[in-house]
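Student: okay, structure incoming, though there's no sequence with it:
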Ligand SMILES: CSCCC(=O)/C(O)=C/O
Ligand SMILES: [Fe+2]
Ligand code: NI
């Protein structure tokens, strides 16, 4: 279950209802998928074969098609990051720049952990969403954010897109943001 840390105040928000209420107020979709649907051998696997990726997409086919139908996503795939990922530092450098997308950024975490740092409303400022397995998040189009890994340095997520071109990030210069 996700936990929130508001960067300006260091306030933490925990608990399903409180996290859902906070993220909903910030226009960030937050849902859950049942992690027990994932074949056990994939629960902590971060270097995935194409068969592994197909098995994850098959395990969650119903959930994928339901959210895709509800929110208009057309394509989906798997992203897996770990210390075994070639060029991980370069990949993370890109993800760790504040950026926006011209469509929702939808991620369903199926293994590991990761943090989305999202620009909230004027009063809130930037907040961390610490995601774990089963968490599903959608950062709305145009909302400034960035992503980084947590201490375990590994994550697997289902990504859903409207645009077949997939992941396109537009850098967002934010003088108000200090890392
Ligand atoms: C685990 S999802 C990788 C991060 C990503 O795709 C993105 O756009 C971050 O903002
Ligand atoms: Fe992004
Ligand atoms: Ni398990």
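Tutor: Good, I have the coordinates. For clarity, every value in this text was computed on a predicted model and none was experimentally measured. Ligands and ions are numbered 1, 2, ... in the order given.
Student: now the chain against ligand 1: closest residue?
Tutor: Of all residues in the chain, the one sitting closest to ligand 1 is residue 147 (3.4 Å; CB to the nearest ligand atom). Heads up, the C-betas are built off the backbone N, CA and C, glycines and all.
Student: who are the packing partners of the host helix or strand of that residue?
Tutor: Here residue 147 sits within strand 145-148, counting by DSSP states H and E. Using 3 or more CB pairs under 8 Å, 6 or more residues apart in numbering; DSSP states H and E, the elements in contact with strand 145-148 are helix 88-95, strand 99-100, strand 114-119.
Student: would you turn the ones you listed into TSV with mean neighbour count, mean pLDDT and distance to ligand 1?
Tutor: Shown next, in TSV, are the helices and strands packed on strand 145-148 (neighbours: other CB atoms under 10 Å; pLDDT from 0 to 100; distance: least, CB to the nearest ligand atom, whole Å):
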stretch	mean neighbour count	mean pLDDT	distance to ligand 1
helix 88-95	13	95	5
strand 99-100	18	96	6
strand 114-119	22	98	5
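Student: any low-confidence regions in the protein?
Tutor: Counting by pLDDT under 70, the chain contains low-confidence residues at 166.
Student: now with 90, please.
Tutor: Applying pLDDT under 90 to the chain flags residues 163-169, 174-179.
Student: give me the residue at the spatial middle of this structure.
Tutor: Most central in the chain under CA atoms, centre = their mean is residue 107, positioned 4.0 Å from the mean C-alpha point.
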